[in-house]
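I need the structure of the sequence given here:
(one chain, ligands or ions: 1)
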Amino acid sequence: MDKNQGTPDSSVVNRTNEEWQKILPADVYYVAREKGTERPFTSKFEHSKEIGTYYCAVCGNPLFRSDTKFESGCGWPSFYEPISKTSIIYLKDDSHGMERTEVECGKCKSHLGHVFDDGPPPTGLRYCINGVVLDFKKAEEARKKYESSK
Ligand SMILES: [Zn+2]
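Numbers count the residues shown, from 1 in each chain. As a prediction, the model looks like this:
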């Protein structure tokens, strides 16, 4: 369904953390590059039901569609499926005495959050994502932009 939606330009973004620190707002840098976690129940996206696409706030890589978002009650924006297989990287995370799977942006390798296997069908997965590293674009705005650029 989304075969072409992912990354026409699939080049990986490589920057040092010093460079990222200059480019990114402090809260984004903390989560994306230092693998921090935003405080739960603080993201403006947690309860958002707007139709559109969620992008990586660091590099603009499309990550999740709004129709895969669900109310998990965990305090962070939650999705059951990424836009494409390559939009996300999975890493084993043994920190804090837990065995978890960390998810990073497939393009710039920014830390996004974790994925758990207690999500809803059809995937049974719960991508628990820090809202601060997400950038949302409404479908309607994207369409208008596309129309006006023709
Ligand atoms: Zn990214």
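
now for the lowest-mean-pLDDT helix or strand in the chain, which elements pack on it?
Across the helices and strands of the chain, mean pLDDT, DSSP states H and E gives its lowest value to helix 139-149, namely a mean of 77. Helices and strands touching helix 139-149, by 3 or more Cβ pairs under 8 Å, 6 or more residues apart in numbering; DSSP states H and E, are strand 52-56. Heads up, the C-betas are built off the backbone N, CA and C, glycines and all.

next secondary structure element downstream of the strand it packs on?
Once the chain leaves strand 52-56, the next helix or strand it forms, by DSSP states H and E, is strand 62-65.

need phi/psi at the nearest residue to P77 once chain neighbours are set aside.
Distance criterion Cβ to Cβ, 6 or more residues apart in numbering; nearest residue to P77, sequence neighbours excluded, is F45 at 4.4 Å. Phi and psi for F45, reported as degrees, to the nearest 10, are phi -90, psi -10.

report the contact partners of F45.
Contact partners of F45, counting by Cβ atoms under 8 Å, 6 or more residues apart in numbering, are 54, 77, 131, 134, 136.

can I take it that the last one is in a strand?
Meaning F136. Yes: counting by DSSP: H, G, I helix; E, B strand; the rest coil, F136 is part of a strand.

let me know how buried it is, in neighbour terms.
Neighbour count for F136, taken as other Cβ atoms under 10 Å: 18.

just give the number of residues close to the nearest residue to it once chain neighbours are set aside.
Among residues not flanking F136 along the chain, Y54 sits closest, at 5.4 Å (Cβ to Cβ, 6+ apart). By the criterion of other Cβ under 10 Å, Y54 has 25 neighbours.

you'd agree Y54 is up against D135?
Yes: under the criterion of Cβ atoms under 8 Å, Y54 makes contact with D135 at 7.1 Å.

please report the distance of L125 from the ion.
Remark: distance between L125 and the ion (Cβ to the ion, to the nearest Å) = 20 Å.

give me the nearest residue to that residue, chain neighbours excluded.
Leaving aside its chain neighbours, L125 sits nearest to G119 (4.3 Å; criterion: Cβ to Cβ, 6+ apart).
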